Every structure is written in structure tokens, then in C-alpha cells.
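Undergrad: I need the structure of the sequence given here:
(chains A and B)
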Amino acid sequence: MELQLRGITKRFPGVLANDDISLTARSGTVLALIGENGAGKSTLMNVLTGLYQADAGEILIDGQEQRFRGPADSIAAGIGMVHQHFMLVPVFSVYENVILGAEPTGRFGVLNRTQARAQVAEVSQRYGLAVDPDSLVEDLPVGIQQRVEIIKVLLRGARILIFDEPTAVLTPQEVQEFFGIVAELKSRGATIIFITHKLKEALAVADDITVLRDGRVVGHADPRTATPEDLAAMMVGRAIDLEVDKSPARPGSSVLSLRNVTVVDDRGRPVLHSISFDVHAGEIVGIAGIQGNGQTELVQAITGLLPVATGQIEFTGQDITRMSPRARHAAGMAHVPEDRSRMGFIASFSVKENLILDSYYAAPYAEGIRLVRNAIDTTATDLVDRYDVRPPTIDNAGSSLSGGNAQKMIVAREFSREVPLLVCAQPTRGIDVGSIEYIHEQIVRKRDEGVAVLIVSTELDEIFALADRILVMFSGEIVAERRTTDTTPPEIGLFMAGQRAAAS
Amino acid sequence: MSGSAAAREAYVVGERRTRLLTRSQVLRSRISGIVMLALAVVTMLVFVPGVAGTGTATFGLSAADERIQLAPLSVPTTGSLWVLAAVLAFLGATQLFRGFQRRSTLILGIAFAVFVAVIMIWAAAGKEFSLISMLEATVASATPIALGALSGILCERSGVVNIGIEGMLLGGAFSGVVLGSLFGGWIGLLAATLTGGVLALLLAVLAVRFRVDQIIIGVVINILVLGLTSFLTAQVLVKRPELNDAPIFRPVKIPVLGDIPIVGPIFFEQTVIVYGMFLLIASVTFLLFRTRWGLRTRSVGENPKAADTLGISVARVRYLAVVYGGMVGGFAGAWFTIGTVGRFDEGMTGGRGFIGLAAMIFGAWNPIGAFGAALVFGFFDSLQQKFAILATPIPSEFLSMAPYLVTIIVVAGLVGRSRPPAADGQPYTKE
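TA: Numbering: from 1, shown residues only, chains lettered A, B, ... in the order given. Sure, this is the predicted structure:
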């Protein structure tokens, strides 16, 4: 089926999220829709799936105009969406999730579970999507959960499938499998819309590429001829350097040293198991791994937010295993936390208050119980200027900043102190390409100043762009260590999927 | 020994992984061990001397009007107390020095049950105590608690927290007695049910349509109903006592089942409201877990956005579930008036709605589990009444605290933590 959008416009109070968007997804092809966060991709998809109603414009399927009053209409028209954050009920079984909203029932609405299981089995066999209908979704790995989502959509007879950032949570191997599924669906005549910000993936699978910026279509590209740089320039509106320029590292002495660190969760199960490694002055160590393999806990153990059950952490020669987070901070640890809005800054506080959030209690910002406004204003104005936070006003609320600028504000706070160690968790998650470029440059500059840097990222490209040495985490353990120059993304991908390295 | 040393000592080496008990787990198992030992000591030092020279305690197992009469159970007081004390001491010592690990909660429950037996033997020493009538009263007392819990389950499974159960009980009790006085018990029962439904509609509109904080709405409903019924009692019922004099439902014996010894009088010689409770527990369990309606309701309580993307109307599902829940609450309210005494008194529900909430949590948001929890609370409720009759030396004020005390102990987490529906209490907005 061919899907055509003509002049779709959607306004929210104060925002024009979609401005006269027109595009076509040809029958039996893959259309990649790329754009930065906030470019209007999600709004457009929500219009397409009936969650929102467009203010203007029309949706045509095979030339027929469609009117969607709700998700049920969109589903009936043959549109199915696999959301980035899976729309699954974790405590339900696979078949319960799949039939939800389209339940086979007997008399009085009693569920026909035999038929439900058979339906799931039938779809999963036809498309080669193996899954056990009776397992609980929360017990399944993410790749399988995605299959459940796809089965859900197919069972409803979808011929137009929309994938929103489908590879964000997958291992490199699962990504390959996913591309196989896409090819299979395509060969059966399905129309696929693939939303992504990973330019290489768009180039690899798409037949057509449409680029969105600020709610408008800014261009189309042919994947056979376009380069990632071309696409990035279209997305951002200016030329972008995707490579990070850096010279080889010159590591000095050990700054941070973990010895057999084990951390347990509140039910007593280990979430970090006997972790040992060192970070040296003047090097960037990258922790690779799929989300949820203990990276969050590792960062929290280092920064003092989680108690260490056994083992020892040394920082500049001092045992800090039982030291409070503030003491560690004072001893010279800077931390860019992974969850920007929850741990990085306070949305209702002003930019200047956020900029001194880590040192408000000490001189020059505090005198006794009083805050010294002049000192705060001077520092804040200087930081906003130096770290290119836009808009450069220090009195507006933190919530008024875009994701990229909020991150730059946090980076300004953490990077402006002279410290021996920098811990950055997901430093560029969900921010625009321009800001990513800027933050990467700052991280490399810190390293060149002789700071020990620990980077945690689930983006393998980011790890390869920044790290001098790569450690791979899987299931709470470090399963491999490699110099960046001695390894390749596919090899690291295997370790991320749980394969253990021979000692290197 | 310090806490961290204790944690390290509690290392248990598994096949591949090391399993550590957290500090709080170690602490918890130690405390429960000490509690059990303390219960054993109290038994030996307080209750054993207390029963000296009383001979036996006799427990009646059949009511006088039953077809099959069972001989009363007589136990020697001093001897049995020593045995029970030894059991408590054994459990406590084992827990303290070795630990029951996973079964700790179960063991603690058993220890409390043993201690309750100790108290009952002590209270009945040298007298005859009708166990059967107490158990009968247990089921009756458990009825409003179980129904209150069911009301909460229906609301919360759809993602709406209902703190206003107490108000719904009270509203149902009031309208039940007034309309019951005017038109008879069945109309009263219907009126009570509808009153609960109307109050729940208020909750649903404010929570779903206007996204008001659900805790606040619940509290407001409780205060509103308490104030309104007290006002109407003082202004209307006192002046027109004929409106506060409803016929009450008498226990109805179910043929055959009612004649089974012990089980018969406890479960099958009750009022229609109690039978209604059995029926509701069973049918709501079936509806929640075996039907389309139940699947959709649970999905909305767990992940409303997922349900929305599949074309399920979150608002509609929540309205229905909350109103059904409210109707169950109103029905439960009828128990207090037309189900027992036939007249309304200010604030007569006495916090049963809140105990119902506790039963809901204790029962892990499952109707059958909540019913079990309600029986535990009902048991202490009726134990308290019986003890008042037996004239034990415990002041009655302390006895009437028993059901609430048990609630606190249970909810304070001596049981394993149960998991609420993921979207419980969260208003749903599209983005």
C-alpha cells in the first residue's frame, strides 16, 4: 500500500510541530525519516497513528483519503506502529500483549486463550519471528520484546509499518537480525517507514530518505548517492564534522582505581560483580554495553550514590569506598549524570542556580548562611558565554532550555572545575548534532589537559569516536577490554551481546 | 557485630554468582527471631502462671441448633501452653541463628498464629468458649473488609487510587438504612449500591476528566460523607426515628452445605450480603483474569499508553472500573446497617474501608488474596468481641485496638512487599 501525506500541519500552544509536511512512502519500500529531536518526527507519527488529529492536511492510502478519529481507525486502515519505548505491558504474557485490543472471545467476552496462542504462533511462524506466547514480557530480552511488538502490529493486518528508532535499544547483532526482518517484511509487500537519527542505518536500509527540520521537510536524499555528512548537514542546516579530531592519548598515572567492586540491589542480587579497572590521567576510557547491564550502577558506585557491598575504590591514591558523594565531589570528581532531567539539573531552578548547584555551599558563592549573588552572577554569566549555552540569559528557568543546551549547562558546571577525574554518562543522549559535536570537543580538550575521563555510552559510534581504551560491560561484569585502535565495532558488538574475551 | 560485618558474613556462594543478603534483610530476620523468642518468654512468664489451677479450656465446635453435634474440644491449659511456648522458642532460635531465608515471612505468620492460640487458651481457661460462633463472626466481620478491598482492587487495577472506600461504605450504610426503613431491605441494598456508584462517579470525573490528585479526592470523599451523614443523622434521623429502623437481613442456611460440621455454620449460615461477597469475589476474579474486559482494565492500570495506541479508550475503561468499584463499596456499606443492626450511627464504619485497603495490599491486588487478608482482620475483630464477653483482665480499649494493630503490623512490611499496578494513581495524558 502506498502512503501519502499532503500538507500535514499540527500546532501545539506556542509551537508549530508540523508545518505543511508532505511525503510519500511507496508500496513495498522502506522510507527513512530522519531529523533531530524536536524536528517533528514523533508528532507526525502520532498524527499518522491517530493519537493526534492534524490541524490541516490529508492522509492518503492508495490514493484514498483517510480520516482518523483515534488509534482504532488508523489500525483499521492498515497502519501499525512499533514505538521506540515499546507499548507493552511487562507483567502480561506475550499472547496477552499481542491480542490486547483485538481479543478473540467466546460468549460474554470470555477470552479464548487457545485461539489467542494459535494466532500468535501463526504470525510468528509466517514471518519467522520466533517467540514463546506464554512467557512474561518482562522476562524477555529487548530484541524479543521488539518481535512481540512487530507480531502485535502484523496480527492487526498492518500493511504500513512504522518503526520509531527501532535500533536504539538493540545490540549490533540484534540490529542485523532486525534488518533481516525488515527485508522479509518488504519482500512480502509491506510499506515501511523507518524513523531514525542514525544516518548510517538510514543509508543501509532505506529506498528513499526524507529529512525533517523544525517541523518542515527540508529535503529528500537518495541513499545510493548520499553520504552521512550530506544528511547531517541537511538535518542541522550547516556543515557538520562527524569525526572527532584527536591525537593519540598520553596516559599518565592512575587516577581512579576499582578493585573487585561488587554492588547489590535491594533484593540482595549483585548488579555489579567484582569490577576492577583503572582510569589514568590523560586518557578517555569508554564503557560500552547495552543499556541496563550495570553501567548506571557503576557510575553511581564511583560517584558515591550507591553503597559498595565489597571491594575497594581508590581515587588519587586515597580510599574513597565509604566516602560521601559530596566529599568525593570536593576531592575532585566531576560527574555528568546519565539522566539529565532527573539528576543533572532542576528544571524549576534558574540557569544560574543550576550552574552553582554543586558548590553553592562554599566560598565564593556562600558566606555563612547567605548566598553571594554577585559572585554567582559573575560565574554564571561567564560559564554561559564560555560554554555556548543558548539563550545566554542566566535568570530564566532550566526548563526553558532545549535538551542540548541543558546538557551544555551541565557540562559547563562540571567541566569548569579543575579536577583530576571526569565521569560522563551518556553525555550526548537525545541532543542535537550541533551540541554533540561541541560536547565531544570539550571532552577531548579535557583529556588533553591531563584529566582522566570515564565515558559511559550505549552508542558504539560515540565510544569509538572518543575512547582511547574500551571496556565492555555485560550483565554487571566487564567482559572485555580493548585499545580502540586494536578493535572494530563488530568485535565490541559481540562482547556487548555477552561473548567473553580471552584475556588480552 | 556491626551491620556491614553481618552482611559480609551472610555471603552465600551460589553456582556462578555470589548472593548477598542486604543489610535490611539480615536485620529483618534477626528482629523477627527476637520477636518470636520474646513471644515465647511472655507465654512462659505471663500466661503459664495466669492459667495455674484452671485445669482445662473448652472450645465449642458446634452451635446448639446444628443437626450434627461435635463434642467440644478440651485442652489442659498449663500443659498446652508449655508446648506452644516451646514451639515459639524453637522457631525464634532457629530464625535467629540459622535463618529460614525465603520462608521467613511464613514462619513469622505461623509464630503469630501460635501466639494467638496461646492467648485464646489463656482467655478460655476454666471456661467454655464457643470457637464456632467466633469463626462465624469472623466471616461476618470480614465481609465489609473483603468487599472494601474488592472495591479498591477494581479501581486500582484500572490505575485509579481509591482512598474514598471508607466514605463509600458510610454512604452506603446511611442510604441503605433510610431506604430500607421506607421500602424494605432489598430496596435499601439497591440504594446503598447506587450511593457507592454515585460517589465513585465523582471520584472518576475528578480523577479521569480533571486529573485532580487522587489521594486528595479520596480524602475529600471521606470527609464529605462523614460530615453529610452526621448532619443528616442529627437533623433528620433523630427527629424521625422511623427512618432509622430498617428490617435486617437474617442469616439464611443453605441446604445440605449448611449441615456440614464446622464449615457449614461458618460459611453457609450467613446473610445475603455475605453470600453476595462470596459471589463478587469469585466473579470479579474471573472477570479480571479471564475476560476481555479484565484484560483491558488491567492493561490500562499497567500501561495506559500501550492500551491507548491499541484503540482502547483509557478514560472509558477507568470510568467503568471505578464506578463498579464504588458500587461494590456501597454494597459493602449496607452490611453495617441492614446487614447487622438495622440502624445508623455516626461514623459507624470505624475505618473498615481503610482496613479494606490494607487487605487489598496484603492480598497483592488479587480478590482471592484480599479475601484471605480480610479473614485475618475479621478474626481479630471477632476475637476482640468474644474476649469482651469472656471478661478477660485485658482492658476492652486494648482489645478494640487489636484489628488496627494487626493492620499496622501487616502493612508495615512484615510481609513481602507486593507490587501495585504500574500506573496506579497516575492520571493519563497523551504526551
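
Undergrad: identify the residues contacting residue B:404.
TA: When contacts are counted by Cβ atoms under 8 Å, 6 or more residues apart in numbering or on different chains, residue B:404 touches B:351, B:355. To be clear about C-beta, it is placed using only N, CA and C from the backbone, and glycine gets the same treatment.

Undergrad: chain B contacts on the stretch 201-350 of chain A?
TA: A:262, A:264, A:266, A:267, A:268, A:269, A:270, A:273, A:309, A:310 (Cβ under 8 Å from any Cβ of the partner chain).

Undergrad: the same query, at a cut-off of 7 Å, please.
TA: A:264, A:266, A:268, A:269, A:270, A:273, A:309, A:310 (Cβ under 7 Å from any Cβ of the partner chain).

Undergrad: let me have these in TSV, extended by pLDDT, neighbour count and secondary structure.
TA: TSV is the format used below for those (pLDDT from 0 to 100; neighbours: other Cβ atoms under 10 Å in any protein chain shown; DSSP: H, G, I helix; E, B strand; the rest coil):
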residue	pLDDT	neighbour count	secondary structure
A:264	88	24	strand
A:266	71	9	coil
A:268	73	18	coil
A:269	79	14	coil
A:270	87	22	strand
A:273	92	20	strand
A:309	90	22	coil
A:310	91	19	strand
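
Undergrad: how deep is the residue of the stretch 351-500 of chain A found nearest chain B tucked in, by neighbour count?
TA: Proximity of the stretch 351-500 of chain A to chain B (Cβ to the nearest Cβ) peaks at residue A:476, 9.1 Å away. By other Cβ atoms under 10 Å in any protein chain shown, 23 other residues sit near residue A:476.

Undergrad: got the confidence number for residue 107?
TA: Answering for chain A, as no chain was given. pLDDT, the model's per-residue confidence, is 86 for residue A:107.

Undergrad: sorry, should have said chain B
TA: Predicted confidence (pLDDT) at residue B:107: the value is 83.

Undergrad: mind telling me what element the residue nearest the centre of chain A is part of?
TA: Against the mean C-alpha coordinate of chain A, by Cα atoms, centre = their mean, the closest residue is residue A:429 at 5.1 Å. Using DSSP states H and E, residue A:429 is not contained in any helix or strand.

Undergrad: one more: residue A:209?
TA: strand A:208-213.

Undergrad: avg pLDDT for the following helix or strand past that strand?
TA: Sequence order places strand A:216-221 as the next helix or strand after strand A:208-213, per DSSP H and E. Average pLDDT, strand A:216-221: 92.

Undergrad: circling back: could you measure from the residue of the stretch 351-500 of chain A closest to chain B over to residue A:450?
TA: According to Cβ to Cβ, to the nearest Å, residue A:476 and residue A:450 sit 31 Å apart.

Undergrad: then residue A:470?
TA: Look at residue A:470 and residue A:450: by Cβ to Cβ, they are 21 Å apart.

Undergrad: now residue A:421
TA: Residue A:421 is 11 Å from residue A:450, by Cβ to Cβ.

Undergrad: okay, those two: which has more neighbours?
TA: Neighbours of residue A:421 and residue A:450, each counted by other Cβ under 10 Å, are more numerous for residue A:421; the result is 22 against 15.

Undergrad: tell me who's in contact with the more buried one.
TA: Residue A:421 makes contact with A:255, A:256, A:279, A:315, A:332, A:333, A:334, A:451, A:452, according to Cβ atoms under 7 Å, 6 or more residues apart in numbering or on different chains.

Undergrad: 6 Å instead, please
TA: Neighbouring residues of residue A:421 by Cβ atoms under 6 Å, 6 or more residues apart in numbering or on different chains: A:255, A:256, A:333, A:452.

Undergrad: distance check, residue A:355 against residue A:391.
TA: Residue A:355 is 14 Å from residue A:391, by Cβ to Cβ.

Undergrad: what about the two, which has more around it?
TA: Set residue A:355 next to residue A:391 and count neighbours by other Cβ under 10 Å: residue A:355 wins out with 29 against 12.

Undergrad: please name the spatially closest residue to that one (chain neighbours excluded).
TA: residue A:380 (4.7 Å; Cβ to Cβ, 6 or more residues apart in numbering or on different chains).

Undergrad: so what's the residue count around the one you found?
TA: 24.

Undergrad: now the strand or helix carrying it: buried residues?
TA: With secondary structure defined by DSSP H and E, residue A:380 is part of helix A:373-386. By neighbour count on 16 or more other Cβ atoms under 10 Å in any protein chain shown, the buried set for helix A:373-386 is A:376, A:379, A:380, A:381, A:383, A:384.

Undergrad: after that helix, next one along is what?
TA: Using DSSP H and E, the next helix or strand after helix A:373-386 towards the C-terminus is helix A:403-415.

Undergrad: and the contacts of that following helix?
TA: Applying Cβ under 6 Å, 6+ apart, the external contacts of helix A:403-415 come out as A:334, A:336, A:340, A:344-345, A:355, A:383, A:387, A:389-390, A:430-432, A:435, A:439, A:442.

Undergrad: then that helix to PDB, C-alphas only?
TA: The C-alpha coordinates for helix A:403-415 follow below in PDB (Å, rounded to 0.1, in the frame of the first residue of the first chain):
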ATOM      1  CA  GLY A 403      17.900  19.300  25.700                       C
ATOM      2  CA  GLY A 404      21.200  20.200  24.000                       C
ATOM      3  CA  ASN A 405      21.500  23.500  25.800                       C
ATOM      4  CA  ALA A 406      20.500  22.000  29.200                       C
ATOM      5  CA  GLN A 407      23.300  19.400  28.600                       C
ATOM      6  CA  LYS A 408      25.800  22.200  27.800                       C
ATOM      7  CA  MET A 409      24.800  23.900  31.000                       C
ATOM      8  CA  ILE A 410      25.500  20.700  33.000                       C
ATOM      9  CA  VAL A 411      28.800  20.300  31.100                       C
ATOM     10  CA  ALA A 412      29.700  23.900  31.900                       C
ATOM     11  CA  ARG A 413      29.100  23.300  35.600                       C
ATOM     12  CA  GLU A 414      31.100  20.100  35.700                       C
ATOM     13  CA  PHE A 415      33.900  20.900  33.300                       C
END
